[in-house]
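S.K.: I'll drop the sequence and a predicted model, then ask my questions.
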Amino acid sequence: QLQLVESGGGLVQSGGSLRLSCVASRYTLSYYAMGWFRQAPGKERKGVTCISSSGGSMYYDDSVKGRFTISRDNAKESVYLQMNSLKPEDTGVYYCAPVRPSIQTGCAPYHTWGQGTQVTVSS
């Protein structure tokens with residue numbers, strides 16, 4: 001079964017940047033489209049961006065367009081999330097997950113989750 005480990009979170013001031021990483025083990029990540037999801041305190045987990053299995057297509061939620069960039073390195077079984085111009089509303093636990101292949105309108109997870117990584121943006 002696919003196992004995922006997220007890292008790279010932390011505390012950053014508003015306007016700062018962070019780069020999250022997600023590494024897969026026990027299965028090849030390159031088979032899957034992958035997404036990053038955010039769970040803010042007291043809210044449901046929400047897909048913010050996803051990328052096709054080849055890396056050729058991406059989807060971004062309106063809340064992160066122009067600020068976040070998703071990428072992947074299939075040779076390293078890894079997916080990354082570069083987050084720039086961070087805002088306090090970006091605060092939450094970030095998870096990566098495999099998603100259904102159709103990503104044109106959003107990221108539908110297969111519900112295989114890692115432990116997540118906490119991102120806190122102070123104002």
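M.R.: Perfect, thanks for sending it.
S.K.: for the residue nearest to Leu18 when sequence neighbours are not counted, give its distance to Ala75.
M.R.: In space, and not counting its chain neighbours, Leu18 is closest to Met83: 4.9 Å by CB to CB, 6 or more residues apart in numbering. Placement of C-beta: from N, CA and C, glycine included. Distance of Met83 to Ala75, given as CB to CB, to the nearest Å: 23 Å.
S.K.: higher neighbour count, the two?
M.R.: Met83 (25 against 7; other CB atoms under 10 Å).
S.K.: wait, what's in contact with the more buried one?
M.R.: Taking CB atoms under 8 Å, 6 or more residues apart in numbering as the criterion, Met83 is in contact with Ser17, Leu18, Arg19, Leu20, Val64, Arg67, Phe68, Asp90, Val119.
S.K.: for Gly92, same thing?
M.R.: Applying CB under 8 Å, 6+ apart to Gly92 gives the contacts Arg38, Gln39, Ala40, Pro41, Lys43, Gln118, Val119.
S.K.: the fourth one in helix, strand or coil?
M.R.: Just to be clear, that refers to Pro41. At Pro41 the chain is in coil, as set by DSSP: H, G, I helix; E, B strand; the rest coil.
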